[in-house]
Structures are given as structure tokens and as C-alpha cells.
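Trainee: Here is a sequence together with a model predicted from it:
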Amino acid sequence: MLLSDQMEEEQIEKMIKEYEELQIQLQNLSIQKMQFEQQKEEYKEAEKILQEASGKVYEELGGLVIESSKEKAATSLKEKIESAEMRLEIVNKQLADITKKEQSLREKISNELQAKQQ
């Protein structure tokens with residue numbers, strides 16, 4: 001094997017390793033996205049329940065459950081929903097960026113392997 005062939009082989013292996021790392025990042029981000037979506041839906045459901053609630057209202061604060069006003073609990077839920085939406089936006093942007101990198105690298109690897117076979 002020539003030195004240039006060995007260098008090409010090492011470069012391809014490096015790209016494949018990077019590609020695999022990108023795939024792991026995509027999987028992790030997809031899991032985060034699902035978790036944030038689930039949180040957001042739970043908060044929205046809690047918001048609906050709160051609107052229909054009458055009487056005493058309790059909310060969780062640092063591992064404690066305390067009595068709260070309906071307005072304060074509603075504000076807290078609204079903030080949690082907004083926070084989950086912001087996190088979702090960030091994760092979606094990261095997913096889009098990494099997906100582009102992954103697709104680009106996949107094409108590059110494919111082209112390198114095809115060129116090597118010729």
C-alpha cells in the first residue's frame with residue numbers, strides 16, 4: 001500500500017468516526033426534543049386543569065408542595081411553557097445544523113469510497 005493510499009484510508013476512517021459521532025448527537029438531540037415536547041404538553045394540560053380548578057391550588061417548589069394562588073400558579077405554568085418552547089427551538093436548530101453536517105459528511109464519505117473503488 002502506498003503512503004498516499006494509507007493517508008486516504010486514514011482520512012476516510014476519520015470521516016466515518018466523525019459521522020458516527022454526529023449520528024449519536026442526533027439521537028441524543030432527538031431524545032431531548034421528545035422530552036421537551038412531553039414537558040410542554042404536560043404543562044399545557046396542567047394549565048387547562050388549573051383554569052377549571054376551584055378552591056385551593058398547590059404547586060411544586062424545589063421539591064416541596066405549597067399552597068399557591070391560582071394566578072401565581074398560572075404565571076408559573078406559563079413561564080414553564082415558554083421555557084420549554086425556547087428549549088425546543090434551540091434543540092430544533094441544533095438538529096437542523098447537525099443533520100446538514102451529517103448529510104454532507106455522508107455524501108463526502110460516499111464520494112471518497114466510490115473514487116477509491118475506481
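Mentor: Looks like it arrived, so ask away. Treat the numbers as computed from the prediction; the structure is a model and nothing was measured.
Trainee: CA only for contacts and neighbour counts going forward, please
Mentor: Noted.
Trainee: contacting residues for the spatially closest residue to Ser69 that is not a sequence neighbour?
Mentor: Distance criterion C-alpha to C-alpha, 6 or more residues apart in numbering; nearest residue to Ser69, sequence neighbours excluded, is Val57 at 6.2 Å. Listed by C-alpha atoms under 8 Å, 6 or more residues apart in numbering, the contact partners of Val57 are Glu67, Ser68, Ser69, Lys70, Ala73.
Trainee: For Val57, list each beta-bridge partner.
Mentor: Ser68 (DSSP bridges).
Trainee: And Gln32, how far from Lys17?
Mentor: Distance of Gln32 to Lys17, given as C-alpha to C-alpha, to the nearest Å: 23 Å.
Trainee: next one: Arg106
Mentor: Counting by C-alpha to C-alpha, the gap from Arg106 to Lys17 is 11 Å.
Trainee: Also Lys101?
Mentor: In this view, Lys101 and Lys17 are 13 Å apart by C-alpha to C-alpha.
Trainee: who has more neighbours, Gln32 and Lys17?
Mentor: More crowded of Gln32 and Lys17, by other C-alpha atoms under 10 Å: Gln32, with 16 against 12.
Trainee: For the more buried one, give me the pLDDT.
Mentor: At Gln32, the model reports a pLDDT of 97.
Trainee: Now name the helix or strand holding it.
Mentor: Assigned by DSSP states H and E, Gln32 falls within helix 3-52.
Trainee: If you count contacts, what does that helix end up packed against?
Mentor: Applying 3 or more C-alpha pairs under 8 Å, 6 or more residues apart in numbering; DSSP states H and E, we find helix 3-52 packed against helix 70-117.
Trainee: Alright, calling it a day.
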